[in-house]
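[1] Sequence isn't available, so here's the structure alone:
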């Protein structure tokens, strides 16, 4: 499984030239910085992420049909991810709210979850990282945990119904263990 640092290497590795590079980088950013599932990313429309002012929203509201477990959820968008989304949306050829955010280059429609998962995994592989397409979500959870954010908050950010599931996602670093051992 890839580490948090490795997933950021993969993110930086994505070529920024052309529509596919930007699309792939956005998909990775939504996973690594937003903690989103591949299926949630694949289901997004331009209207899900674009506010009335044309810039990216602060909170992405996912409908039941866009999530795992058929439960709606909110994805809070951090400043860095919001900038990436804003640039992507403003450069998008299709400006309709109903248009897919991550479109298939072959059909122009929503990229299917399996194809997007395969694409993300191939980006990791090209960067020399042997991991799954789910590594971005694991990185998201681990980074929040390293920052000292509580498990219940991380659970809500990830859309888990069980805190035990969230705990599985949060790797503990040696630095955290050293800090815990030295805590007064």
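    Done, it's in. Predicted, not measured: the structure shown is a model, and the values here were computed from it.
[2] List the contacts of the helix or strand hosting residue 83.
    Applying DSSP states H and E as the criterion places residue 83 in helix 79-91. Contact with helix 79-91 is made by 22-23, 25-26, 29-30, 33-34, 46, 49-50, 54-58, 77, 101, as judged by Cβ atoms under 8 Å, 6 or more residues apart in numbering. Every residue, glycine included, has its C-beta placed from N, CA and C.
[3] Excluding covalently adjacent residues, which one is nearest to the residue nearest the centre of the chain?
    With distances taken as Cα atoms, centre = their mean, residue 31 lies nearest the centre of the chain, 1.5 Å away. Distances taken as Cβ to Cβ, 6 or more residues apart in numbering put residue 136 closest to residue 31, at 2.8 Å, once the chain neighbours are dropped.
[4] Verify the contact between the one you found and residue 28 for me.
    Yes: counting by Cβ atoms under 8 Å, residue 28 is a contact partner of residue 136 at 6.1 Å.
[5] quick one: contacts for the closest residue in space to residue 171 that isn't next to it in sequence?
    Closest residue to residue 171 in three dimensions, ignoring its sequence neighbours and counting by Cβ to Cβ, 6+ apart: residue 142, at 4.7 Å. Residue 142 sits next to 4, 169, 170, 171, 173 when contact means Cβ under 8 Å, 6+ apart.
[6] Show me the strands in this structure, by range?
    59-62, 73-76 (DSSP state E).
[7] shaky segments in the chain?
    Scanning the chain for pLDDT under 70 picks out 1-19, 94.
[8] quick one, domains of it?
    4-133, 136-182 (automatic domain parsing).
[9] roughly how far is the last one from the heart of the chain?
    How far domain 136-182 lies from its chain's middle: 16 Å, per Cα atoms, centre = their mean, to the nearest Å.
[10] Do me a favour and get the end-to-end distance for it?
    From its first residue to its last, domain 136-182 covers 30 Å (Cα to Cα, to the nearest Å).
[11] In stretch 58-70, which residues are buried?
    Buried residues in stretch 58-70, counted by 16 or more other Cβ atoms under 10 Å: 60, 62, 66, 67.
[12] what does stretch 45-60 give?
    Result for stretch 45-60 [16+ other Cβ under 10 Å]: buried residues 45, 46, 48, 49, 50, 55, 56, 57, 60.
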